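Asker: quick one, structure for this:
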Amino acid sequence: MNAIEAVVQNLSEVRRRSMMIWESVPDEFLDWRPDSEAMSIKEMIRHVLDSEHYYHLALLNKGSLSAYDSPYEARAFTTLKDELRFSETYRNEFMNTVKSYTEGDLTRIQIDRKDVGYVRSLGDMLMRIAYHEAVHSGQLLDYLRTAGLKRPKVWD
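Answerer: Numbering: from 1, shown residues only. This next block holds a predicted model:
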């Protein structure tokens, strides 16, 4: 397995486990949040999906975007199934971009996000994207515990 294949596998595994968590949430708990300052479950799912789209555009731009028009902003979150269907094209485009990179690109391409405090190699940025989703998966597992809901076994 080369480095690109490893990155693709990592991104795929993180998403597979996120889906296990997301799909375990009863519909009546999608608006649940642990406190008034926290994102709701559906807001966190949308945040992960929308962030991935933003990150994809930032990769193509080789840095932060000066403006971002989220395709999610004006859209109501109705059901998880509908949200995932809407996101499928964006996910496929992101994964196809990742698959198009060469191993040399992972260190050669720099992603300039000085506006938020860093410039990193493409490889580092791809790992940060996966980490972002993984952190939110952990948060959602804690949400489920706090809400007294059954948590899926993500360590298969």
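Asker: rest of the way, CA atoms for contacts and neighbours
Answerer: Will do.
Asker: you'd agree residue 50 is up against residue 70?
Answerer: Yes: between residue 50 and residue 70 there is a contact under C-alpha atoms under 8 Å: 7.1 Å.
Asker: okay, the two: which has more neighbours?
Answerer: Legend: neighbour count by other C-alpha atoms under 10 Å for residue 50 and residue 70, higher for residue 50 (19 against 12).
Asker: so that one versus residue 56, what's the distance?
Answerer: Distance from residue 50 to residue 56, counting by C-alpha to C-alpha, to the nearest Å: 10 Å.
Asker: need the contact list for the closest residue to residue 143 other than its chain neighbours.
Answerer: Sequence neighbours aside, residue 34 is the residue nearest to residue 143 in space, at 6.6 Å (criterion: C-alpha to C-alpha, 6 or more residues apart in numbering). Contacts for residue 34 (C-alpha atoms under 8 Å, 6 or more residues apart in numbering) come out as 40, 143, 146, 147.
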